[in-house]
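>>> Just the structure for this:
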Amino acid sequence: MPTPVVIANYDPEWPSQFEALRAVFADVLGDLVISIDHVGSTAVPGLAAKPIIDFDMAVADASQVPEAITRLATINYKHEGDLGIPGREAFRPPEDTVRHHPYLVVSGNEPHTRHITFRDRLRRDATARAEYETLKRQLAERHRDDPENYSYSKTEFVERILAEELGDAHRFGPPQDRRPGATDT
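Just a heads-up that it's a prediction; the model follows:
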């Protein structure tokens, strides 16, 4: 049975939880990683969120991805593949850690750009942030026991914000090209 969708009020501990995780990953990945970015709703001050720290570990190019996967395995992170989002490698963390979703990306690729662009818009736009929070709370109520539909139901909002930020000419592909539930923000 999937974990129920629960939206928590913003927790000022989320940034320090991210920083603790970032330090571990920076140590393990060393010179392979060029940035480790806190993304997702927990990276937006004041925004309610599922209490799960999302972050992107960015390498310079795709040739470094296999070595990064190998290094992450040394600290018991299980590689799960792209989970339907090409260019973003997902990992299952060990059970005894704070809830988090670590992703491995190539710096500036589609998933990385989408995560950073969406996060930055919500950080600076109080109206979009409030609209997104309202939507998330409504969807969490409606899809409490269906995390896949919860994620998929946010797609229209996410795509609208990304189109506003990146312009239609710079969109990475229409949302219908993504499998249901494969929201990457």
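>>> Can you show me the helices along the protein?
Along the chain, the segments classed as helices by DSSP state H run 14-29, 65-73, 110-124, 126-142, 147-153, 155-166.
>>> So what's the residue count around the residue nearest to Glu67 when sequence neighbours are not counted?
The shortest distance from Glu67 to any non-neighbouring residue, by CB to CB, 6 or more residues apart in numbering, is to Leu32 (6.1 Å). To be clear about C-beta, it is placed using only N, CA and C from the backbone, and glycine gets the same treatment. Counted with other CB atoms under 10 Å, the neighbours of Leu32 add up to 16.
>>> ok, now which ones touch Leu32?
59, 64, 67-68, 71 (CB atoms under 8 Å, 6 or more residues apart in numbering).
>>> And it, how far from Glu89?
Counting by CB to CB, to the nearest Å, the gap from Leu32 to Glu89 is 13 Å.
>>> do Thr74 as well
Distance, Thr74 to Glu89, by CB to CB: 16 Å.
>>> so where's this structure uncertain?
Within the chain, the segments meeting pLDDT under 70 span 1, 168-185.
>>> now with 80?
Residue ranges of the chain with pLDDT under 80: 1-2, 168-185.
>>> Look up which residues are beta-bridged to His38.
Beta-bridge partners recorded for His38 (DSSP bridges): Phe55.
>>> is the closest residue to Tyr77 other than its chain neighbours in a bridge, and if so with what?
Spatial nearest neighbour of Tyr77, excluding adjacent residues (CB to CB, 6+ apart): Phe91 at 4.3 Å. In this entry, Phe91 is beta-bridged to His79, by DSSP bridges.
>>> separation between Ile36 and Glu165?
For Ile36, the distance to Glu165 - CB to CB - is 22 Å.
>>> and if you look at Phe18?
The gap separating Phe18 from Glu165 is 23 Å, by CB to CB.
>>> what about those two, which has more around it?
Phe18 (22 against 16).
>>> for the closest residue to that one other than its chain neighbours, what are its contacts?
The shortest distance from Phe18 to any non-neighbouring residue, by CB to CB, 6+ apart, is to His38 (4.3 Å). For His38, the contact set (CB under 8 Å, 6+ apart) comprises 15, 18, 22, 53-55, 119.
>>> Out of those residues, which is nearest to Val106?
For these, the closest approach to Val106 (CB to CB) belongs to Phe55, at 15.1 Å.
>>> How many neighbouring residues does that closest one have?
Phe55 has 22 neighbours, counted by other CB under 10 Å.
>>> Could you do Pro66 as well?
Pro66: 11 neighbours (other CB under 10 Å).
>>> I'd like the distance between it and Glu95.
25 Å.
>>> Asn109 now?
From Asn109 across to Glu95, the span is 30 Å (CB to CB).
>>> okay, these two: which has more neighbours?
Each of Asn109 and Glu95 has its neighbours counted (other CB under 10 Å); Asn109 has more, 18 against 6.
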